[in-house]
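# coords below, sequence missing:
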Ligand code: ADP
């Protein structure tokens with residue numbers, strides 16, 4: 001049975017429509033779609049939140065190691081420059097390690113989206129370090145030359161002192177040994193502190209020594225020339241090494257490294273911000289997902305509830321159908337039995353009627369008077385008595401004929417029931433049908449009840465008008481009989497409606513005593529009546545049932561003991577062929593006071 005719930009005017013979304021929507025396939029599909037979309041979005045967010053930013057801490061650690069190697073290389077170079085290092089092996093080793101690490105860190109940046117902003121800064125830094133290494137190589141070469149020249153200096157000095165006349169005062173009274181001693185001292189000072197001033201002093205000393213040696217013998221001159229040449233190399237390489245070292249320290253490697261570290265900090269902060277934003281989105285999506293799942297659970301629950309309800313209705317309909325099958329079978333069996341009986345009764349009945357009429361004809365003849373008078377010839381009032389006896393006989397025969405008439409009527413009723421004829425189907429207004437039934441029942445109705453008409457405009461139907469009128473009249477008469485037993489004035493309500501399934505519904509309800517539980521299942525049975533003998537035949541409702549069934553409609557009763565009874569008839573707008581599954585529903589209902 002379809003239950004139609006209409007929303008109150010003005011309310012777009014009521015509790016009932018919400019329930020209906022939740023139980024619908026649409027709600028189910030929407031929920032499933034929303035959950036799938038949210039789950040996809042969630043997966044996307046989680047994918048973006050995957051820990052790719054771990055590249056940054058890794059880079060930071062690698063870069064710190066690189067910087068330490070670079071600092072160690074700086075120290076090794078400084079030690080070389082200061083002459084602390086025994087050789088340049090440490091710098092050479094450090095150079096290799098530094099270059100390897102430089103390349104490794106450079107390679108680890110490539111293809112890393114999170115480090116994209118750092119890459120150009122790293123290239124600057126790497127170029128600076130490579131320049132530093134290049135300068136370092138030059139310092140190493142200079143150092144080698146310085147070492148070579150410095151190593152031969154003692155032998156040169158010795159050769160100088162071994163030369164003749166080295167201690168003899170020259171023309172200006174200055175001894176060459178004194179000049180050399182001064183030169184060696186200024187050279188030593190320059191090597192310790194290679195300033196321009198000291199370099200000039202060394203150059204002046206060497207020039208003076210050369211000038212002094214020129215006036216001496218060839219051996220001294222040669223020793224001076226050899227010594228001066230080595231000393232010049234020492235001064236030159238010492239100055240070159242110093243300049244190169246200054247160039248190394250002037251390179252902006254530290255600035256480039258600081259820029260990289262700042263970029264790493266910035267990238268880490270950006271990653272943290274992005275992660276926080278993604279977390280907020282994930283939380284929002286999670287909340288929406290939870291909401292959608294809750295809605296899905298709700299729709300599931302509503303669907304289960306609806307399934308339960310539908311199940312109950314199906315069970316009810318099944319029970320109704322079974323009852324209807326039983327009722328139809330019962331009626332059909334009774335119908336066949338009645339057809340047989342009426343056929344058998346009709347022949348002797350017409351024979352008896354003919355006999356009675358013949359006898360009455362004879363009794364009424366004059367010859368009958370004579371015959372009756374002859375019966376008691378001794379009496380003086382023979383003729384008067386004979387008339388009296390004749391009338392008595394005629395009355396008796398009339399009584400007999402009346403009895404035969406009653407039997408004939410009953411047999412005809414039974415015959416009508418068993419051989420139900422659809423009659424002439426034509427366009428018929430149920431409202432007109434109700435009005436004409438009311439007209440016929442008016443004489444009894446006016447003493448018993450008031451009438452309430454609740455007629456909706458309903459379309460005409462195709463039906464057999466006399467039969468439908470008979471149904472209405474039967475139901476109204478039953479209602480009148482029922483209300484008459486209450487001792488108070490009743491109310492008869494007649495209602496017409498057009499149903500959603502395009503059938504016409506007629507309801508005839510009273511506020512009589514209702515139908516007791518033990519009576520209710522039998523009311524549609526033929527010959528069942530609770531009325532006193534002579535008042536009811538028990539055929540009314542079973543005939544109504546057959547008529548409505550043959551019109552393809554339904555008849556149902558609802559009753560509330562003590563409150564009243566309502567019969568509901570539904571009729572298709574167009575007459576249908578006999579429908580054996582027409583349900584007959586019997587049940588209790590609540591009739592408003
Ligand atoms: P009848 O009217 O001859 O008794 P029906 O078949 O019309 O035969 O009705 C069968 C029985 O159903 C009635 O005897 C009565 O007990 C019950 N009945 C029918 N209509 C009503 C009603 N409106 N209120 C109470 N009982 C009813």
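It's in. Quick caveat, the model's predicted, so the values are computed rather than measured.

# Mind checking the pLDDT average for the longest helix along the chain?
The longest helix of the chain (DSSP state H) is helix 253-364. Helix 253-364 carries an average pLDDT of 85.

# How far off centre is the next helix-or-strand element following that helix?
Next in sequence after helix 253-364, counting helices and strands by DSSP states H and E, comes helix 366-375. Remark: helix 366-375 is offset 105 Å from the chain centroid, using Cα atoms, centre = their mean, to the nearest Å.

# which parts of helix 366-375 are buried?
By neighbour count on 16 or more other Cβ atoms under 10 Å, the buried set for helix 366-375 is 368-369, 372-373. No exception for glycine: its C-beta is placed from N, CA and C like everyone else's.

# Looks like residue 245 contacts residue 139 (just checking).
Yes: using Cβ atoms under 8 Å as the test, residue 245 is close enough to residue 139 to be in contact (6.4 Å).

# and the two? which has more neighbours close in?
Legend: neighbour count by other Cβ atoms under 10 Å for residue 245 and residue 139, higher for residue 139 (25 against 19).

# circling back to that earlier point, same list (the buried residues of helix 366-375) but as JSON lines, adding distance to the ligand.
What follows is those, written out as JSON lines (distance: Cβ to the nearest ligand atom, whole Å):
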{"residue": "368", "distance to the ligand": "42"}
{"residue": "369", "distance to the ligand": "45"}
{"residue": "372", "distance to the ligand": "44"}
{"residue": "373", "distance to the ligand": "49"}
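
# mind putting these in TSV, pLDDT included?
As requested, the buried residues of helix 366-375 are arranged in TSV below (pLDDT from 0 to 100):
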residue	pLDDT
368	79
369	75
372	74
373	71
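
# Show me whatever sits in contact with both of residue 245 and residue 139.
77, 81 (Cβ atoms under 8 Å, 6 or more residues apart in numbering).

# now the strands for the chain?
426-428, 449-455, 461-463, 490-498, 503-510, 554-560, 564-572, 584-588 (DSSP state E).

# residues in contact with the nearest residue to residue 531 once chain neighbours are set aside?
Using Cβ to Cβ, 6 or more residues apart in numbering and skipping the chain neighbours, the partner closest in space to residue 531 is residue 481 (6.8 Å). Counting by Cβ under 8 Å, 6+ apart, residue 481 makes contact with 531, 535-536.

# which bits of the stretch 251-400 of the chain sit near the ligand?
Counting by Cβ under 6 Å from any ligand atom, no position of the stretch 251-400 of the chain is adjacent to the ligand.

# In this structure residue 460 contacts residue 429, no?
Yes: taking contacts as Cβ under 8 Å, residue 460 lies within contact range of residue 429: 5.2 Å.

# Could you check how far residue 188 is from the ligand?
Distance, residue 188 to the ligand, by Cβ to the nearest ligand atom, to the nearest Å: 143 Å.

# Okay, angle between the longest helix of the chain and strand 554-560 too, please.
For helix 253-364 against strand 554-560, the angle by axes from the mean of the first three to the mean of the last three Cα atoms, to 10 degrees is 100 degrees.

# Show me what helix 253-364 is packed against.
Helix 253-364 sits against helix 15-22, helix 25-48, helix 55-82, helix 119-162, helix 382-418, helix 540-550, strand 584-588, with contacts defined as 3 or more Cβ pairs under 8 Å, 6 or more residues apart in numbering; DSSP states H and E.

# okay, the ones you listed, which one's buried deepest?
helix 540-550 (a mean of 22; mean count of other Cβ atoms under 10 Å).

# Skipping adjacent residues, who's closest to residue 519 in space?
residue 530 (6.1 Å).

# Next to the ligand, which bits of this protein? Give me the list.
Counting by Cβ under 6 Å from any ligand atom, the chain sits next to the ligand at 474, 478-479, 482, 510, 512, 515, 519, 523, 528-531, 536-538, 540-542, 565.

# Now, the residues you listed that are in helices?
Per DSSP H, these map to helices at 474, 478-479, 482, 540-542.

# closest to residue 356 among those?
residue 540 (30.4 Å; Cβ to Cβ).

# and the residue nearest to that closest one when sequence neighbours are not counted, how many neighbours?
Spatial nearest neighbour of residue 540, excluding adjacent residues (Cβ to Cβ, 6+ apart): residue 474 at 4.4 Å. When counting by other Cβ under 10 Å, one arrives at 20 neighbours for residue 474.

# so what's residue 474 scoring on pLDDT?
So, for residue 474, pLDDT stands at 93.

# Repeat that for the one 5 residues further on.
Per-residue confidence for residue 479 comes out at a pLDDT of 97.

# Please tell me how far the residue nearest to it when sequence neighbours are not counted sits from residue 542.
Counting by Cβ to Cβ, 6+ apart, residue 479 lies nearest to residue 510, which is 3.8 Å off, once chain neighbours are set aside. For residue 510, the distance to residue 542 equals 20 Å [Cβ to Cβ, to the nearest Å].

# now swap in residue 20 and tell me
Distance from residue 20 to residue 542, by Cβ to Cβ: 40 Å.

# pLDDT averaged over stretch 194-213 - what is it?
Stretch 194-213 comes out at a mean pLDDT of 86.

# what distance separates it from the centre of its chain?
Centre to centre, stretch against its chain (Cα atoms, centre = their mean), the figure for stretch 194-213 is 97 Å.

# Report the buried residues of that stretch.
Neighbour-count burial for stretch 194-213 [16+ other Cβ under 10 Å]: 194, 198-199, 201-203, 205-206, 209, 212-213.

# Return the closest of these with respect to residue 234.
residue 202 (8.8 Å).

# I'd assumed residue 188 was in contact with the closest one.
No: with contact defined as Cβ under 8 Å, residue 202 does not count as touching residue 188 (9.6 Å).

# Model confidence for the residue in the stretch 101-250 of the chain that the ligand sits nearest to, exactly?
Nearest residue of the stretch 101-250 of the chain to the ligand: residue 113, at 86.8 Å (Cβ to the nearest ligand atom). Looking at residue 113, its pLDDT reads 77.

# do the same with residue 50
At residue 50, pLDDT is 70.

# quick one: it from residue 275, how far?
With Cβ to Cβ as the criterion, residue 50 and residue 275 are 10 Å apart.

# Mind checking which of those two has more residues around it?
Neighbour totals were compared for residue 50 and residue 275, and residue 275 leads with 15 against 8 (other Cβ under 10 Å).

# show me what contacts the residue lying closest to the more buried one once chain neighbours are set aside?
Using Cβ to Cβ, 6+ apart and skipping the chain neighbours, the partner closest in space to residue 275 is residue 49 (6.3 Å). Counting by Cβ under 8 Å, 6+ apart, residue 49 touches 275, 278-279, 282.

# Give me the distance between residue 156 and residue 163.
11 Å.

# joint contacts of those two?
residue 223.

# what's the nearest residue to residue 140 once chain neighbours are set aside sitting at in phi/psi?
In this structure, residue 140 finds its nearest non-sequential neighbour in residue 88, 4.6 Å apart by Cβ to Cβ, 6+ apart. Recorded main-chain torsions at residue 88 are phi -100, psi 20, according to degrees, to the nearest 10.
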